[in-house]
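> quick check, what structure comes out for this input:
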Amino acid sequence: MKNTAPIKAKDRTVRFPLERIRNIGIIAHIDAGKTTVTERILYYTGLTYKIGDVDEGTAVMDWMEQERTRGITITAAATTCEWQENRINIIDTPGHVDFTAEVERSLRVLDGGVVVFDAVAGVEAQSETVWRQADKYRVPRICFINKMDRIGANFNRTLSMIEKRLRANPLPLQIPIGSEATFEGIIDLVENKAWRFDGNPDSEPLEIPIPQSEEARYHKARQILLEKLSEYDDHIMMAYLEGRNTSGAELKDVIRRVTIANKVVPVLCGSAFRNKAIHPLLNAIVDYLPSPVDLPPLQAIDIRNGIEVTRPARDDAPFTALAFKVVSDPFVGRLVYLRVYSGKVKAGAEIFNSTRGHRERIGRILVMHANRREEVAEADTGAIIANLGLKNTFTGDTLCHYSQPVLLESIYFPQPVLSIAIEPKTKADQDKMEDALRRLTEEDPTFKVNYNRDTGQTVISGMGELHLDVIVNRLLSEFGVGAKVGKPRVSYKETITIPVKAEGRFVQQTGGRGQFGHVSIELEPLESGTGFQFVNRIKSGAIPKQYISPVEAGIKEAMETGGAMGYPVVDIKATLLDGSYHEVDSSEIAFKIAGSMALKDGLARGKPVILEPIMKLEVVTPREFVGDIMADLGSRRGRIESMETEAETCTIYAMIPLAESFGYTTTIRSLSQGRATHALEFYSYQELPAAMAEQVRISGKSYA
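Next comes the predicted model:
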C-alpha cells in the first residue's frame with residue numbers, strides 16, 4: 001500500500017494523463033476531522049515530512065492566523081499531491097455553517113468528494129448541508145467514517161444515518177476490526193484481506209488473516225456488497241447466483257462505474273488522528289472517484305449566438321476555465337483561483353473574460369500548497385491553479401479563448417443575514433478600511449458592505465456571528481485598521497401581503513427640455529425565497545420598448561434601498577400594466593424614477609410586513625438536560641420540530657429566530673455543564689410578529 005513515487009518539485013512540470021488526475025474536496029461537519037485527514041494524506045503522499053496538528057496550530061492546510069488561533073478551517077485551501085502515479089488536487093473545506101460559501105464554490109469546480117463523518121456523532125447538521133450541496137452539483141463521493149477509536153464510535157449506526165438522513169445508498173467496502181479503544185484495523189471486503197495499523201505514522205499497514213471472531217460479520221458484509229452490486233451488473237449477478245467468486249478487479253470496475261453515476265456511495269472507516277486506514281482511503285480516491293474524462297463534457301453557452309455548446313476535457317479543445325476564488329495574499333498580491341475545464345494556457349497569454357466582456361492577460365501561474373506557491377509555465381486541462389495578474393476577474397467569472405467565447409454557469413451564494421456597524425478611528429484608518437473591505441468583499445461573496453446614509457456608518461453583513469467576528473479580527477490584525485465595532489444586528493427584510501395596483505408619475509419642467517415618465521404596475525406577494533419577478537404586459541405601445549428595462553431597474557433599485565419601513569424588499573412580483581410617455585421629454589432616467597415611485601406607492605398600500613431570518617437549530621445533549629434546553633428554546637421563540645433519542649443522548653431539531661440566537665453558545669454550555677453541542681443554519685425568512693415588528697421599527701431601522 002505504500003506510495004512508491006514521493007513528490008518532487010521537478011515533477012510539477014510532468015503532464016499526467018487526464019485519466020490519472022483526481023480533483024477532490026474534503027467536506028464534512030465541523031470537528032469531524034477533515035483537516036486531520038488531509039494532513040495525513042499530505043504526509044503519506046510525501047508532500048510533507050512532518051504531520052501537522054490542528055490543536056497545536058501546525059496544520060499545513062489551516063495556514064491563516066485566525067484558523068490556527070481558533071482551531072477551525074475558515075477558508076478552503078488547495079494543494080496537490082501524488083499517489084501511485086496519480087495526481088490528486090485537494091481542496092480542504094470549512095465545516096462551520098458560517099463559511100458554507102467556501103464549500104459551495106469548491107464543489108462547483110471539483111470532480112469528486114470525500115465526506116468525513118465522526119463515528120460517534122454520525123450525520124450532523126452541517127453534514128446534511130454539504131451533502132445537499134454535493135447533490136446539487138452531482139459530485140460523486142466516498143464516505144470516510146473517522147474517529148473509530150473514540151468512546152461511543154459506532155460504524156453501523158453511522159451507516160444507518162447516512163441512509164436515512166441523507167437518503168443515500170451507502171456501500172460499505174470495509175468493516176472495522178474492533179471499535180473504540182480496541183480499533184486496530186479494517187477488513188477489505190473487495191480484496192478479501194485484513195489490515196492492521198499500529199498507529200505509528202511511519203509503519204506500513206500489516207496484512208493479517210481475517211480474525212476468526214470477525215468471520216461471521218465479514219461473510220455477511222461481503223454478501224451484502226455482492227447483492228448490492230449485482231443490481232447494477234449482470235456479470236456479477238450471474239456469478240453471485242451461481243456461487244462463483246468475483247475478482248477484486250472486477251468488483252472495483254463496477255464500484256467505480258456506479259460511484260461516478262451517483263448510484264452508490266462507497267464507505268470506508270478509520271482513525272486519521274491515530275494514523276489508521278489512510279492508505280486504503282488514498283487507494284479508494286484513485287480507484288473510485290472520477291477523473292476529468294470520466295464526467296460528461298462541460299455545458300456552456302456560446303455568447304455570440306446564445307446556443308448551448310460543449311467543452312470536452314481535452315488539451316486540444318478551446319481554453320475554458322472558471323474563476324472560483326479570489327484571495328488577497330499579503331506577500332504576492334491578488335490571487336485568482338481557476339479550474340481549467342478544457343484546453344491549456346501559458347503564462348503571459350491573452351484570454352477573454354466572457355462574464356464581464358473584456359480581455360485580460362494571464363500572469364504568473366502558481367500551483368498552491370495552502371499558502372505556499374510553486375510557479376509553473378503552463379496549466380493544462382483538469383488543473384486547479386492560482387493566477388497573478390487578473391485584476392478585473394472575480395468569483396464566478398468565465399475565462400476562455402477570445403476566438404471562441406463561451407459562458408459557464410456561475411456560482412450561487414446565499415445572502416447574508418447578520419450585520420454590524422463599523423467606524424474607523426481616524427482619517428488614516430478610513431482609507432485603510434475602505435481598501436481592506438474592498439479586498440475582503442472580493443474574497444468572500446457572502447460578505448457585503450453598505451454605507452448607511454441615515455447614520456453615516458459603514459454596515460458590514462455576513463452569515464453569522466463567527467463569520468463577522470473573523471472578518472473584524474482580520475481587519476484589525478491582518479490589515480491593521482483601527483476601528484470601532486457595534487453590536488450585531490439582524491438583517492431584516494420587508495414584503496407585502498396583498499396584491500395592490502400602484503402608479504408612478506415623474507414630471508419635471510425646467511427652462512429647457514423636461515422629464516416625463518408615467519407607469520402603472522401591479523405588485524403581488526410571492527412565496528418566501530422566490531425573489532423578484534418582473535412581467536411586461538404593455539400593449540399597443542403605451543410605453544416604448546427602450547423604456548421597459550429602465551422601469552424594471554428603477555423597481556429593483558427601490559427594493560434595495562428599502563420600503564416604507566426602511567428594509568430591503570424581497571419576494572414580490574411586479575407587473576407593468578400601462579403608462580404614458582412624451583415624445584420629447586421622456587427618457588430612460590425618467591422611467592427609472594417613475595418605476596421607483598410606483599414601487600414606493602405600492603409598498604405603502606400593500607399591508608407591508610417585516611421578515612426576520614429563521615435558523616434551523618440542532619442540539620445534541622445528554623438526556624438529563626433536555627428539559628432545561630427545551631424550556632430555554634421556548635423563551636427564545638423557538639419551535640421544536642422533532643427529537644431523536646439514542647442511548648443516553650438526545651438530538652433536538654428546532655427552528656429559532658436569528659435575533660434570539662445571540663449568545664446561545666454560552667447559554668447552552670451553562671445549561672448542560674458544557675456537555676451539549678449545537679449547530680445553526682439559515683433556513684428562511686418569515687414574518688416577524690406584529691408586537692416585535694413595532695419594536696424593530698423604532699430601534700433597528702438604521703441597521704437594515
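> for this protein, what helix or strand is lowest in average pLDDT?
Between all helices and strands in the chain, the lowest mean by mean pLDDT, DSSP states H and E belongs to helix 65-70, at a mean of 55.
> can you name the element that comes right after that helix?
Counting by DSSP states H and E, the next helix or strand C-terminal to helix 65-70 is strand 77-83.
> pLDDT on that following strand, on average?
The pLDDT scores in strand 77-83 average 85.
> what secondary structure does the residue lying closest to Asn387 once chain neighbours are set aside sit in?
Leaving aside its sequence neighbours, Asn387 sits nearest to Val336 (CB to CB, 6 or more residues apart in numbering; 5.1 Å). From N, CA and C alone the C-beta is placed, and that goes for glycine too. Of the three states, Val336 takes strand under DSSP: H, G, I helix; E, B strand; the rest coil.
> burial of Val336, as a residue count?
Applying other CB atoms under 10 Å, we find 27 residues neighbouring Val336.
> that one contacts Ile385, doesn't it?
No. Shown here, Val336 and Ile385 do not form a contact pair, counting by CB atoms under 8 Å, at 9.3 Å.
> could you pull out the strands for the stretch 601-704 of the chain?
609-622, 639-646, 649-657, 677-687 (DSSP state E, counting those that start in this stretch).
> returning to what we had before: who touches the residue nearest to Asn387 in this structure?
Residues in contact with Val336 (CB atoms under 8 Å, 6 or more residues apart in numbering) are Ala323, Lys325, Val326, Ala386, Asn387, Leu390, Thr393.
> kindly recompute the last result at 7 Å.
Ala323, Val326, Ala386, Asn387, Leu390, Thr393 (CB atoms under 7 Å, 6 or more residues apart in numbering).
> distance check, the residue nearest to Lys147 when sequence neighbours are not counted against Gln686.
In this structure, Lys147 finds its nearest non-sequential neighbour in Ala119, 4.8 Å apart by CB to CB, 6+ apart. According to CB to CB, to the nearest Å, Ala119 stands 36 Å off from Gln686.
> neighbours around the residue nearest to Lys147, how many?
Neighbours of Ala119 under the rule other CB under 10 Å: 27.
> and the pLDDT at it?
Residue-level confidence at Ala119 comes out at 92, pLDDT.
> tell me which stretches of the stretch 251-400 of the chain form strands.
Going by DSSP E, counting those that start in this stretch, the stretch 251-400 of the chain shows strands at 265-269, 298-302, 308-311, 320-329, 333-342, 345-346, 350-353, 358-361, 365-369, 372-376, 378-379, 384-388, 398-400.
> now these in JSON lines, please, with extra columns for mean pLDDT and distance to Leu476.
JSON lines is the format used below for those (pLDDT from 0 to 100; distance: least, CB to CB, whole Å):
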{"stretch": "strand 265-269", "mean pLDDT": "96", "distance to Leu476": "42"}
{"stretch": "strand 298-302", "mean pLDDT": "91", "distance to Leu476": "42"}
{"stretch": "strand 308-311", "mean pLDDT": "91", "distance to Leu476": "44"}
{"stretch": "strand 320-329", "mean pLDDT": "86", "distance to Leu476": "16"}
{"stretch": "strand 333-342", "mean pLDDT": "88", "distance to Leu476": "21"}
{"stretch": "strand 345-346", "mean pLDDT": "91", "distance to Leu476": "38"}
{"stretch": "strand 350-353", "mean pLDDT": "93", "distance to Leu476": "34"}
{"stretch": "strand 358-361", "mean pLDDT": "91", "distance to Leu476": "33"}
{"stretch": "strand 365-369", "mean pLDDT": "83", "distance to Leu476": "26"}
{"stretch": "strand 372-376", "mean pLDDT": "81", "distance to Leu476": "26"}
{"stretch": "strand 378-379", "mean pLDDT": "89", "distance to Leu476": "36"}
{"stretch": "strand 384-388", "mean pLDDT": "88", "distance to Leu476": "26"}
{"stretch": "strand 398-400", "mean pLDDT": "93", "distance to Leu476": "34"}
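> for Leu42, which of those strands is the nearest?
Of all these, it is strand 365-369 that lies closest to Leu42, at 8.4 Å by CB to CB.
> show me the contact partners of that closest one.
For strand 365-369, contacts defined as CB under 7 Å, 6+ apart pick out 12, 78-80, 347, 373-376, 378-379, 385-388.
> ok, which pair from those is furthest apart?
The distance between the two most remote of those (CB to CB) is 20.6 Å, for Thr79 and Ala347.
> more neighbours: which of these two?
Thr79 (23 against 18).
> so how far is Ile91 from that one?
Separation of Thr79 from Ile91 (CB to CB): 8 Å.
> now swap in Leu688 and tell me
As defined by CB to CB, Leu688 lies at a distance of 38 Å from Ile91.
> where does the stretch 551-700 of the chain have low pLDDT?
Along the stretch 551-700 of the chain, segments meeting pLDDT under 70 span 563-564, 647, 697-700.
> where exactly do the helices run in it?
Ranges of helices in the stretch 551-700 of the chain, per DSSP state H, counting those that start in this stretch, are 588-605, 626-635, 664-671, 690-699.
> which outside residues touch the longest one?
Right, helix 588-605. Residues lying outside helix 588-605 but in contact with it, judged by CB under 7 Å, 6+ apart, are 496, 500, 502-506, 515-519, 521, 523, 546-547, 550-555, 557-559, 563-564, 569.
> in it, what counts as buried?
Going by neighbour count (16 or more other CB atoms under 10 Å), the buried part of helix 588-605 is 590-603.
> dump that helix to PDB, restricted to CA.
Extracted in PDB, the C-alpha atoms of helix 588-605 (Å, rounded to 0.1, in the frame of the first residue of the first chain):
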ATOM      1  CA  GLU A 588     -34.700  56.300 -19.600                       C
ATOM      2  CA  ILE A 589     -33.900  58.100 -16.300                       C
ATOM      3  CA  ALA A 590     -37.500  59.500 -16.100                       C
ATOM      4  CA  PHE A 591     -39.000  56.000 -16.400                       C
ATOM      5  CA  LYS A 592     -36.500  54.600 -14.000                       C
ATOM      6  CA  ILE A 593     -37.600  57.200 -11.400                       C
ATOM      7  CA  ALA A 594     -41.200  56.500 -12.300                       C
ATOM      8  CA  GLY A 595     -40.700  52.800 -11.600                       C
ATOM      9  CA  SER A 596     -39.100  53.600  -8.300                       C
ATOM     10  CA  MET A 597     -42.000  55.900  -7.300                       C
ATOM     11  CA  ALA A 598     -44.600  53.200  -8.300                       C
ATOM     12  CA  LEU A 599     -42.900  50.600  -6.100                       C
ATOM     13  CA  LYS A 600     -42.900  53.000  -3.100                       C
ATOM     14  CA  ASP A 601     -46.500  53.800  -3.700                       C
ATOM     15  CA  GLY A 602     -47.500  50.100  -3.800                       C
ATOM     16  CA  LEU A 603     -45.500  49.100  -0.800                       C
ATOM     17  CA  ALA A 604     -47.200  51.700   1.400                       C
ATOM     18  CA  ARG A 605     -50.600  50.300   0.500                       C
END
